[in-house]
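Trainee: Just to be clear, the model below is a prediction. Sequence and coordinates:
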Amino acid sequence: MTYTIAVVTAGLSRPSSTRMLADQLAAATERVLGDPDTVRVEVVELRDLAHQLVDNLLSGFPSGALADAVRLVGDADALIAVTPIFNASYSGLFKTFLDVLDEGTLENTPVLLAASAGSARHSLAIDFALRPLFAYLRADVMPTAVFAASEDFGSTAAGSLSARVDRAARELAEAVRGSRRAAHEGADDGVTPFEQLLAGVS
């Protein structure tokens, strides 16, 4: 059984603290899920897709690498979504990518939210901006989100970034396993969906 974890990161610089945080979360999730041969981590750098995202907004459909990224996110078992915080909210690049996804793409998908910023003053942006957005998209958002200010990288204090990363990764791994198990059991239980019964189909 192979799990595919899509990682969407909206950092603008290279290297960026946003990408560093995304890599930590992906590595921790991979460790929890077990054998590396059963986990495929695919990273989408939105910085590289900026022009194609604008083209998509104008044309109405994705092409090239953007189309591949959209397909990857739609087919993935889970999503790790990481954005820098600008003006107390997610970046425009991050939001634009979500805007080009088809309706229902993230429905019931386990999602781990994370954000980076230069100051801890932005730490509430995840709860006030990101969570409502992904709730609207009907994603299965993990209880633990990870915010990292510049001073968090390399810290070993109690409640450090690494501890929060590990906790969030465990939650995502459990959700991925549970989602896959539920899908498998649902396919084999022989129960006719209620909407089919209403339509007279058995």
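Mentor: That came through, no problem. Numbers count the residues shown, from 1 in each chain.

Trainee: For the chain, which segments count as helices?
Mentor: Under the criterion DSSP state H, the chain contains helices at 17-33, 50-59, 64-75, 92-100, 125, 131-136, 161-188, 194-198.

Trainee: May I ask which helix or strand of this structure has the lowest mean pLDDT?
Mentor: None of the helices or strands of the chain scores lower by mean pLDDT, DSSP states H and E than helix 194-198, at a mean of 62.

Trainee: how many other residues sit next to the nearest residue to residue 43 once chain neighbours are set aside?
Mentor: Of all residues not flanking residue 43 in the chain, residue 7 sits nearest, at 4.5 Å (C-beta to C-beta, 6 or more residues apart in numbering). Yep, even glycine has a C-beta here, placed from its N, CA and C like the rest. Using other C-beta atoms under 10 Å, residue 7 has 25 other residues around it.

Trainee: Is it correct that residue 7 is in contact with residue 73?
Mentor: No - checked against C-beta atoms under 8 Å, the pair residue 7 and residue 73 is beyond contact range at 9.7 Å.

Trainee: list the residues that contact both of those two?
Mentor: 44, 79 (C-beta atoms under 8 Å, 6 or more residues apart in numbering).

Trainee: Which residues are in contact with the closest residue to residue 31 other than its chain neighbours?
Mentor: Nearest non-adjacent residue to residue 31, counting by C-beta to C-beta, 6+ apart: residue 169, 7.3 Å away. Residues near residue 169 by C-beta under 8 Å, 6+ apart: 25, 28-29, 31-32, 112.

Trainee: quick one on the thing from earlier: put together JSON lines for the helices of the chain, with distance to residue 43 on each row.
Mentor: Shown next, in JSON lines, are these (distance: least, C-beta to C-beta, whole Å):
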{"stretch": "helix 17-33", "distance to residue 43": "7"}
{"stretch": "helix 50-59", "distance to residue 43": "16"}
{"stretch": "helix 64-75", "distance to residue 43": "10"}
{"stretch": "helix 92-100", "distance to residue 43": "13"}
{"stretch": "helix 125", "distance to residue 43": "22"}
{"stretch": "helix 131-136", "distance to residue 43": "19"}
{"stretch": "helix 161-188", "distance to residue 43": "15"}
{"stretch": "helix 194-198", "distance to residue 43": "37"}
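
Trainee: Great, nothing more from me.
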